[in-house]
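**Student:** Prediction below, plus the sequence it came from.
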Amino acid sequence: MAAAPLDLNSPTPLDTTSVVILSIVATAALVAMWGIFWWAARSNERVVNVLLNTAFFRVVTIMGIIAATAVLSLAGRLEGNVTGAILSGVAGYVLGHISSRAKESDTSEEPTKAKPTGSPVI
């Protein structure tokens, strides 16, 4: 008896049990990240400074978007093109932020022109 051909164009959504398990795993990963944050916050860094840092919120938001997109996509709630659009938007945001930082550091590190000292030699 031959198996039915696999249709790659129509995704098969996960069953309810798999969605629940995947949601629990994603939640556990986020809780682990918070645990690591609080463990690392025991260092000399003040927790208030970390929480008020915009980079912290940027990372938390990006990871939340990626986790939610993965869960919803695997649950069959998002189509492949929507998932691709969300993930490529996040990647573009991250890479754009990195390249803008690199440009800022390049312009701030330009060498200053040396001023001539003494009298000119003729």
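**Tutor:** That came through fine. Numbers count the residues shown, from 1 in each chain.
**Student:** what about the least confident helix or strand in the chain by mean pLDDT, distance to the chain center?
**Tutor:** The weakest-scoring helix or strand in the chain, judged by mean pLDDT, DSSP states H and E, is helix 47-51 (a mean of 74). Remark: helix 47-51 is offset 20 Å from the chain centroid, using C-alpha atoms, centre = their mean, to the nearest Å.
**Student:** Check which element follows it along the chain.
**Tutor:** helix 54-74 (DSSP states H and E).
**Student:** hey, where'd the helices end up in the protein?
**Tutor:** 16-40, 47-51, 54-74, 80-108 (DSSP state H).
**Student:** which of those is buried the deepest?
**Tutor:** The highest mean neighbour count among the helices of the chain, using mean count of other C-beta atoms under 10 Å, belongs to helix 54-74: a mean of 14. Placement of C-beta: from N, CA and C, glycine included.
**Student:** tell me the angle that one makes with helix 80-108.
**Tutor:** Here helix 54-74 runs at an angle of 160 degrees relative to helix 80-108 (axes from the mean of the first three to the mean of the last three C-alpha atoms, to 10 degrees).
**Student:** Extract the C-alpha trace of helix 54-74 and format it as CSV.
**Tutor:** Output in CSV follows, covering the C-alpha atoms of helix 54-74 (Å, rounded to 0.1, in the frame of the first residue of the first chain):
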residue,chain,number,x,y,z
THR,A,54,16.0,50.6,26.0
ALA,A,55,18.1,47.7,24.7
PHE,A,56,16.6,45.5,27.3
PHE,A,57,13.1,46.2,26.1
ARG,A,58,14.2,45.8,22.5
VAL,A,59,15.5,42.3,23.2
VAL,A,60,12.5,41.2,25.2
THR,A,61,10.1,42.5,22.6
ILE,A,62,12.0,40.8,19.7
MET,A,63,12.1,37.5,21.6
GLY,A,64,8.4,37.7,22.4
ILE,A,65,7.5,38.4,18.8
ILE,A,66,9.6,35.5,17.6
ALA,A,67,8.2,33.1,20.2
ALA,A,68,4.6,34.1,19.5
THR,A,69,5.1,33.9,15.7
ALA,A,70,6.6,30.4,16.0
VAL,A,71,3.8,29.1,18.2
LEU,A,72,1.0,30.6,16.1
SER,A,73,2.6,29.4,12.9
LEU,A,74,3.1,25.9,14.2
